[in-house]
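> sequence first, then the predicted structure, then my questions.
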There are 2 protein chains.
Amino acid sequence: MVSIKDVAAAAGVSAATVSRVLNDHPSVSTATRTRVLSAVEDLGYRPNAVARSLRTDQTRTLGLVISDVLNPYFTELARSVEGAARALGYSVIIGNADEQPELQDHHMRTLLDRRVDGLLISPTDGCSSLMRDAAQAGTPLVFVDRWIEGMDVPVVRSDGRAAVHDLVAHLHALGHRRLAIIAGPAATTTGRERIEAFREALAAYGLSLPDAYIGQGDFQAASGRRVTEGFLGLPEPPEVVFATDNLMALGALDAVRAHGLSVPDDIALVAFDDIPWFVHTDPPITAIAQPTGELGRAAVRALVDRIEGRTPQSVTLPARLVVRRSCGNPPATQRSQS
Amino acid sequence: MVSIKDVAAAAGVSAATVSRVLNDHPSVSTATRTRVLSAVEDLGYRPNAVARSLRTDQTRTLGLVISDVLNPYFTELARSVEGAARALGYSVIIGNADEQPELQDHHMRTLLDRRVDGLLISPTDGCSSLMRDAAQAGTPLVFVDRWIEGMDVPVVRSDGRAAVHDLVAHLHALGHRRLAIIAGPAATTTGRERIEAFREALAAYGLSLPDAYIGQGDFQAASGRRVTEGFLGLPEPPEVVFATDNLMALGALDAVRAHGLSVPDDIALVAFDDIPWFVHTDPPITAIAQPTGELGRAAVRALVDRIEGRTPQSVTLPARLVVRRSCGNPPATQRSQS
DNA sequence: AGAGGCTTTGAAATCGATTACATCGATCGT
DNA sequence: ACGATCGATGTAATCGATTTCAAAGCCTCT
């Protein structure tokens, strides 16, 4: 591999001068600059980012730790994060935690060992000591989508409260009264928040949320199936199932199919997180859509602000209800463009 | 940040000894070893991977350059690659090329600058000089899914020929005779291979593939929609559309819907690449499934073999037809477990 | 002409690890 | 008892960049 010394030798200057040329340092004569540049060209020299990082103590790399890449919501988030980071001259290393705290810790450790400049995290659980240590140690951290309460770390997320209210209004208007929820892990903020918002919204319509209608899921498809099967086995099954993420909605759909029932005639289905596929399922699924791309961009902006010494802001963006056909035929005025 | 010197000082030994303990060098006395280890523990020391990489000239990192993360096929591939790499003590940095050669080059350059130990690539186009240079320079390279002909680089892929024959047999048995294809970019090997296999299989049944029934797509949903609209506008539209990847199948489904037609009654649809969502679309979609997970694992195995000085093998695994309902009701014997 | 200032360049230290080589005791074999 | 050997450890070089400091060369001004 050709190093800075080779370039220096080829151009008849010192390594220091080559470095200056490469970093656009002003005090290099035009003559030397062109000589160095052509040596760089000739030798096909590329600076060794490892060596550079060691010296400058910055890697221009961001770590992104998400809970499940196979979840299209996170895939899209990852993509927008990468794009935004690239635009600012940063690379992104993604760590997939698969909803397992140990895996999450593994990735955090690896990323920290690699001295990423900052970390974007969507925590799988409520309390990782590693995360506290990192924050303590001054590592730039930003939470995205989910967060950990009590930590002084900026949070970039979307608030689903209003959309959940809209959702319940929509369901109520369609005549549904027995509404059930497949909740996410209570250890996650999104898990807790969504069920609370749902309960509040139901209360506003004088409806209650009996324990039998609360299923505990883990944001994975299998749990959606299991919980829904439980619902269908009830003496009085719910009229609507609200899956608090898209994978559990998929599982719910499976379960309904397996019972030979149909959506929305026998049971209605709604999901949190909208994804392109929901348009093509049978039937198209009503969902609460987050501004995923904007979330990713805002998160990168906040993290890079923190890294570069500015003061990062927490950001909360609204989610919105996208009405399709999985809860019964909506009145024409409510129909979304989907 | 605490460095090896701090640990050395705390344990009352030299940095060399600390390094030896950390790397399980045999000639360290048990006493010193425990002393060092407890200093490491006390100070919460973690070796700086950047410094280590500079010295040892290895990063224990693999680069994965794929053409589109939003494509569930590649997402799954990426996931299995990461898992397999982790099991062997490697990390993975993913570069998403979004089917753009320039972006692909950007990521290759970044990964090379970071001195990844090897690169797993699914090339977007047929000829990147960067790639040739890298191969020339001795960078361990392995192609996965797609490859570039004429380069002496191991290829890990799945052969769809047999499955495409099965597919045509299936369609023929259902009485379909006018079969159209949405092809992928001719610059990609998978793009070319799939259309060739299709043409051959048709020939085996005495069917031809008229130009009007060949649509040029780019592996993205929008192109699937556009091409399908073209097919539907034909004086004699095809009875079957074969989309050579899952995103174009989605686009095709959109187009069919937009025309107020239904699958499979008005037109049948098949996709290359099976994904979980195909079970839940309306109707469930018949597809050719690649052994994606195994592909990722084999690719990592090949690359790590190459990196660690063993001789890597090219691997070709068979794809298989998964029959669902999007081509009409199959005879009971052919029905898959889906 | 000489002092001072500016531009351009190079020498050398540094980042945090690994590792070849040297060193120092202690043990062993004869 | 003495040289050889071995085990444990330290010293210093090294990886490839960046950056501080010093110095050289050249102007300019008085």
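Nice, thanks for sending it over. Numbers count the residues shown, from 1 in each chain, chains lettered A, B, ... in the order given.
> please count neighbours and contacts with C-alpha atoms only from this point.
OK.
> what helix or strand does A:Asp6 sit in?
Per DSSP states H and E, A:Asp6 falls inside helix A:4-11.
> right, and the helix or strand after that helix?
Once helix A:4-11 ends, the next helix or strand along the chain (criterion: DSSP H and E) is helix A:15-22.
> that next one and chain B in contact?
No: against chain B, helix A:15-22 shows no contacts by CA under 8 Å from any CA of the partner chain, the least distance being 14.4 Å.
> for that helix, which positions count as buried?
The neighbour-count check on helix A:15-22 (16 or more other CA atoms under 10 Å in any protein chain shown) flags A:15, A:17-19, A:21 as buried.
> turn the residues you listed into a markdown table, including pLDDT and distance to B:Ile93.
Formatted as a markdown table, the buried residues of helix A:15-22 follow (pLDDT from 0 to 100; distance: CA to CA, whole Å):
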| residue | pLDDT | distance to B:Ile93 |
| --- | --- | --- |
| A:Ala15 | 96 | 30 |
| A:Thr17 | 96 | 32 |
| A:Val18 | 97 | 29 |
| A:Ser19 | 97 | 27 |
| A:Val21 | 96 | 29 |
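> ok so, going back, taking their axis directions, the helix holding A:Asp6 and helix A:15-22 sit at what angle?
In terms of direction (axes from the mean of the first three to the mean of the last three CA atoms, to 10 degrees), helix A:4-11 departs from helix A:15-22 by 90 degrees.
> mind giving me the packing neighbours of helix A:4-11?
Contact analysis of helix A:4-11 by 3 or more CA pairs under 8 Å, 6 or more residues apart in numbering or on different chains; DSSP states H and E lists helix A:15-22, helix A:30-43 as its packing neighbours.
> the buried residues of helix A:15-22: which ones sit near DNA strand C?
A:15, A:17 (CA under 7 Å from any atom of the strand).
> which one of the buried residues of helix A:15-22 is nearest to DNA strand C?
Distances from DNA strand C to these, taken as CA to the nearest atom of the strand, are shortest for A:Thr17 (4.8 Å).
> OK, contacts around A:Val7?
A:15, A:18, A:36, A:39-40, A:43, A:45 (CA atoms under 8 Å, 6 or more residues apart in numbering or on different chains).
> can you pick the most crowded of the residues you listed?
A:Val18 (27 neighbours; other CA atoms under 10 Å in any protein chain shown).
> what sits against it?
A:4, A:7-8, A:36.
> which of the helices or strands spans the one residue in the stretch 51-200 of chain A that gets nearest to DNA strand C?
Closest contact between the stretch 51-200 of chain A and DNA strand C, by CA to the nearest atom of the strand, is at A:Arg55 (3.4 Å). Taking DSSP H and E as the definition, one finds A:Arg55 inside helix A:49-56.
> so what does that helix touch, helix or strand wise?
helix B:49-56.
> tell me the mean pLDDT over the helix it packs on?
Regarding helix B:49-56, the rounded mean pLDDT is 98.
> how about it: buried residues?
For helix B:49-56, burial by neighbour count (16+ other CA under 10 Å) applies to B:49-51, B:53-54.
> considering only these, which also neighbour DNA strand D?
Okay, of the buried residues of helix B:49-56 touching DNA strand D (CA under 7 Å from any atom of the strand), that's B:51, B:54.
> all set, thanks.
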